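K.L.:
okay, sequence plus prediction incoming.
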Amino acid sequence: MLDEQDILVFDDILDDSGYVQRVLARRVEEVLCEAGDTDGERRIVRLIVPMAPLDAPAWLAAQTLLPKVYWHARRDSMVTAAVGEADRCMGGPDAGYGTLRTQLDAVLPKSDARARYFGGFRFDPSAPDDEVWQGFPTFLFTLPRFAYLRNEDRGVLACNLFLPRDLSRKDAILEDIEQLRFPDRFAESAFGARKPLLLSRTDEPDRAGWEQSVEWALDAFAQRRRHLEKVVLARRTLLTFGESLDAFALLKKLREATPNCFHYGFQFEPDAVFVGATPERLFHRSGRYIRTEAVAGTCVRGDTEAEDAKALASLLASEKDQREHAYVRESIRTALDPLCQEFRIDDEASGLQQAWRWHLVSRSSGLLQRGVHGSDVMGALHPTPAVGGYPVEPALAVIRNLEGFDRGWYTGPVGWIGPQGAEFAVALRCGLVRDRVLYLFAGAGIVEGSDPVAEWKEIEQKTSDILGVLE
């Protein structure tokens, strides 16, 4: 939890939130005064205050500062809940992955391993955007001002100071510290207990439109049109409730219902929060070492141990699912081989177990060539055939033509990036909350042999993660 260059503000674990704020404010003043006498070296200073454990989603919901970020990687005990902003990288319609690298290189020392900018990318920057995704540009990454980090039963509050820029922001930072809120144990335990009343539901496309799109894709495969072999088609479901939704209460319930997933939440403006629980890692980078995986092919788990084993065996034996999976595996091999000094990937898929589903997964790892940046890896991998199709460009053209709505950050990369590392997941099983409205997104990979009715049932099942915790 601590880096050797972090500044530990207090040795003991503090249970008095007011005292935490006073101790942190005093140390911020001291650091900024001391930094004023230096030569203006650009660096990030992270101040750490040990704290009693908190419920991270409840803590986020209580805050008034924006932006808000939640990140919990699959099989990782560390939870990050962050508010406020020390720095930001953002790109408009013409921005790409190289733009992000240029912005990060301009502000960060390459040796600073502590810097983590959290955010994400649109799935398809070339597609027309709509007002549903206002506040979520082509890419947006934020270096949080404050972060609550919880590792099992240990917690700390961290404050990032961006020097020398923050020398002129001392008063604003101290005011932000005063605005931090710490809910009591009763408020934490009651958080998310209310169940909102669902008033209406609209699917875009509806079932008839979905089946028509799938039939078009099947005909394109049969006619070898555009050399298309796979396309991932998605649906947007609009749910309207009788009262405003608390997106972080939804995230808390989703986290409890979907173990072994990446859980994420992003709020950059007051009226829009993007949350989700995805099984799919895009990649993890530590120094020059990289891990990634191909995830494609899905089935529902069985109710008993015997039925569950039978469901997995059927998935592993499915020619259609294995073919769909192979497109993803080979695209990852093709994308990463040129960037790596060494690279290996599983030759055969195995089962990735989730709470309610099995997925086919092939894991890979490698040693990157010197000078390869995390944004280079992202640009090479995204979009994989697991969320776009194969070949990529013909599949993207079909998606733009058939889907009829803006995916925004759905199926885009979400996570964090810094000079020495990065971790990204693919934004699946997600929802965008806007006051009383929740937009749910889910998709299915269509290949030759797909059945429109079965694929509709698959996306219904995928949206059940969020619908289930709302009911």
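P.N.:
Nice, I can see it.
K.L.:
pLDDT below threshold where in the stretch 251-400 of the chain?
P.N.:
In the predicted model of the stretch 251-400 of the chain, no residue satisfies pLDDT under 70.
K.L.:
for it, which segments count as strands?
P.N.:
Applying DSSP state E, counting those that start in this stretch to the stretch 251-400 of the chain gives strands spanning 262-269, 272-278, 281-286, 289-300, 340-345, 350-353, 357-368, 389-390.
K.L.:
quick one: those strands as JSON lines, columns for distance to Phe221 and mean neighbour count too.
P.N.:
Where you see a C-beta, it was placed from the backbone N, CA and C, and this is true even at glycine. Formatted as JSON lines, the strands of the stretch 251-400 of the chain follow (distance: least, CB to CB, whole Å; neighbours: other CB atoms under 10 Å):
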{"stretch": "strand 262-269", "distance to Phe221": "31", "mean neighbour count": "23"}
{"stretch": "strand 272-278", "distance to Phe221": "27", "mean neighbour count": "25"}
{"stretch": "strand 281-286", "distance to Phe221": "27", "mean neighbour count": "22"}
{"stretch": "strand 289-300", "distance to Phe221": "16", "mean neighbour count": "22"}
{"stretch": "strand 340-345", "distance to Phe221": "26", "mean neighbour count": "15"}
{"stretch": "strand 350-353", "distance to Phe221": "26", "mean neighbour count": "17"}
{"stretch": "strand 357-368", "distance to Phe221": "20", "mean neighbour count": "21"}
{"stretch": "strand 389-390", "distance to Phe221": "11", "mean neighbour count": "25"}
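K.L.:
quick one: closest of the ones you listed to Lys195.
P.N.:
Nearest of the strands of the stretch 251-400 of the chain to Lys195, taken as CB to CB: strand 272-278 at 16.9 Å.
K.L.:
and the closest one, what does it pack against?
P.N.:
Judged by 3 or more CB pairs under 8 Å, 6 or more residues apart in numbering; DSSP states H and E, strand 272-278 is in contact with helix 247-257, strand 262-269, strand 430-434.
K.L.:
partner strands of it and their direction?
P.N.:
Here strand 272-278 is paired, per DSSP bridges, with strand 262-269 (antiparallel), strand 430-434 (antiparallel).
K.L.:
Throw these into TSV and include distance to Ser200, thanks.
P.N.:
Below are the strands paired with strand 272-278 laid out as TSV (distance: least, CB to CB, whole Å):
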stretch	distance to Ser200
strand 262-269	24
strand 430-434	15
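K.L.:
quick one, strands of the stretch 1-150 of the chain?
P.N.:
Going by DSSP E, counting those that start in this stretch, the stretch 1-150 of the chain shows strands at 7-8, 43-51, 68-72, 78-83, 87-91, 117-121, 139-143, 146-151.
K.L.:
dump the residue contacts of the residue nearest to the spatial centre of the chain.
P.N.:
The centroid of the chain falls nearest to Val414 when counting by CA atoms, centre = their mean (3.4 Å). The contact partners of Val414, by CB atoms under 8 Å, 6 or more residues apart in numbering, come to Gly119, Gly120, Phe121, Tyr264, Phe266, Gly276, Phe424, Ala425, Val426, Ala427.
K.L.:
just the pLDDT for it.
P.N.:
Looking at Val414, its pLDDT reads 98.
K.L.:
same thing with Arg185?
P.N.:
Looking at Arg185, its pLDDT stands at 72.
K.L.:
same deal with Asp129?
P.N.:
84.
K.L.:
count residues in the vicinity of the residue lying closest to it once chain neighbours are set aside, would you?
P.N.:
If the residues on either side of it in the chain are set aside, Asp129 comes closest to Asp406, at 5.2 Å by CB to CB, 6 or more residues apart in numbering. The local packing of Asp406 (other CB atoms under 10 Å) involves 19 other residues.
K.L.:
what about Asp406, distance to Thr240?
P.N.:
19 Å (CB to CB, to the nearest Å).
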